[in-house]
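Trainee: Fold the following.
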Amino acid sequence: PICAIQGDYFKSDYVEQVVRTQGIVTADLDITSQKGFFIQKESCDGDPATSDGIFIDLQSKQDLVAAGDEVEVIGVVKENYGNTEIDVITGTVTILASGLPLPAATNLHPPSDNKTSRWYYESLEGMTVALDDARVVGPTDSSNITWVVRSDLGIGRVYQDDAAGTGEVVCVGNGGLFKVEQATVGERLLALSGVLDYDFGKYCLQLTAPPSPVPYAQNHNANQPRQELSQNAITLATFNLHDLFDTVNDPATDDRVLRFPEYVRRSQKIALAIHEVLGEPDLLAIQEVENATVIEDLLTLGVIQADYRVLLVEGPDLRGQDVALLYHSERVEMIESRVHQGCTKLVDGL
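Mentor: Residues are numbered from 1 along each chain as shown. Predicted structure coming up:
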């Protein structure tokens, strides 16, 4: 049975052994880049520590099965970068029945403690899982991976050094039949369902049904009407760019040199944030930027429409990081500016 192959540990006791097992196909990925499918034996042994699901690797794209098929497979048990799977022996996939109901999905509720959470996820590896209402805490990245938590936890941000751990975070992966499209922090995602996969050090929910996104604006301050700004109002914002260096090594500072693709990617994301999230305020205070040229590069990407001018005076930071002010030249006239050293001169032994 699948649960015996999975066992109650991170590695199967049957590695490199030939096994025969049966289960219902829960995710048909045999003609995708996954080149396989997931099967599950519901209530396999009644032990919550052992998973009832497993991935069947065909090793090539073959349209063999469909969700709801009951199948028998023969193959070799492997640990593929930590994921327990069965590499099928050619010609040994047998369909026993079709059109069967899928096993009930386990509603994900991982604990915060990292170690406990890893054991929790391992016990569900390969099984059908669901998350009815999730909130995005890590936006969709360039690999189409999104990070969420249960909405009922009331968490808006998750910090890496949280004393309680970060085990409650759920990865929504890119290896299923559907993907999350550019979710932003704070957005809610409803009806997440699929199978729990393990890939290169992380457990990810691979979607077998499309998610239902709820835009950020629809679930924040819904009862508070937007204030209309008067014609003479001035908008202000502050934005920490978090070590935005350029691609040139400055011998006078201990600066970090970014690779050009990373520099462009970060600049584009920052420009989009200024344009779409901050709304191009009249005055924008910037922190942690290497020089005025970096800001000028941001402004020439074609994303920001405001006619910004840049005020930056090189400061004493050993890495060359500075503060700056962007001001909308059609709304603000810069009459005078001064730079003040805000670091304490107190000798405190630190």
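
Trainee: Could you list the low-pLDDT ranges of the stretch 201-350 of the chain?
Mentor: 215-229, 343-345, 348-350 (pLDDT under 70).

Trainee: where along it do the strands fall?
Mentor: Secondary structure of the stretch 201-350 of the chain (DSSP state E, counting those that start in this stretch): strands at 202-207, 212-214, 236-244, 283-289, 308-311, 322-328.

Trainee: Would you format these as a markdown table with distance to residue 31 and mean neighbour count included?
Mentor: All C-beta spots, glycine's among them, are computed from the backbone N, C-alpha and C. Shown next, in a markdown table, are these (distance: least, C-beta to C-beta, whole Å; neighbours: other C-beta atoms under 10 Å):
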| stretch | distance to residue 31 | mean neighbour count |
| --- | --- | --- |
| strand 202-207 | 15 | 22 |
| strand 212-214 | 26 | 15 |
| strand 236-244 | 41 | 15 |
| strand 283-289 | 47 | 19 |
| strand 308-311 | 50 | 17 |
| strand 322-328 | 50 | 20 |
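
Trainee: In a markdown table, list those along with distance to residue 5.
Mentor: Formatted as a markdown table, the strands of the stretch 201-350 of the chain follow (distance: least, C-beta to C-beta, whole Å):
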| stretch | distance to residue 5 |
| --- | --- |
| strand 202-207 | 18 |
| strand 212-214 | 34 |
| strand 236-244 | 45 |
| strand 283-289 | 50 |
| strand 308-311 | 61 |
| strand 322-328 | 58 |
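
Trainee: Which elements pack onto the host helix or strand of residue 120?
Mentor: Here residue 120 is covered by helix 114-122, with elements defined by DSSP states H and E. Here helix 114-122 touches strand 188-199, going by 3 or more C-beta pairs under 8 Å, 6 or more residues apart in numbering; DSSP states H and E.

Trainee: Just list what the strand it packs on packs against, helices and strands only.
Mentor: Using 3+ C-beta pairs under 8 Å, 6+ apart, strand 188-199 is in contact with strand 18-29, strand 53-57, strand 83-88, helix 114-122, strand 128-138, strand 146-150, strand 202-207, strand 212-214.

Trainee: how does it look with 6 Å?
Mentor: Applying 3 or more C-beta pairs under 6 Å, 6 or more residues apart in numbering; DSSP states H and E, we find strand 188-199 packed against strand 128-138, strand 202-207, strand 212-214.

Trainee: Next, the buried residues of the lengthiest helix in the chain.
Mentor: In the chain, with assignment by DSSP state H, the single longest helix is helix 260-272. Neighbour-count burial for helix 260-272 flags 263, 266-267, 270-271 (criterion: 16 or more other C-beta atoms under 10 Å).

Trainee: any idea which of those residues is closest to residue 241?
Mentor: residue 270 (6.0 Å; C-beta to C-beta).

Trainee: before we move on, the earlier item: send me the longest helix of the chain as CSV with only the CA atoms.
Mentor: The C-alpha trace of helix 260-272 is given here as CSV (Å, rounded to 0.1, in the frame of the first residue of the first chain):
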residue,chain,number,x,y,z
PHE,A,260,22.8,43.7,-15.0
PRO,A,261,19.7,41.4,-15.2
GLU,A,262,19.1,41.7,-11.5
TYR,A,263,19.6,45.5,-11.7
VAL,A,264,17.0,45.8,-14.4
ARG,A,265,14.5,43.4,-12.7
ARG,A,266,14.7,45.3,-9.4
SER,A,267,14.5,48.7,-11.1
GLN,A,268,11.4,47.7,-13.1
LYS,A,269,9.7,46.3,-9.9
ILE,A,270,10.5,49.5,-8.0
ALA,A,271,9.2,51.7,-10.9
LEU,A,272,6.0,49.7,-11.0
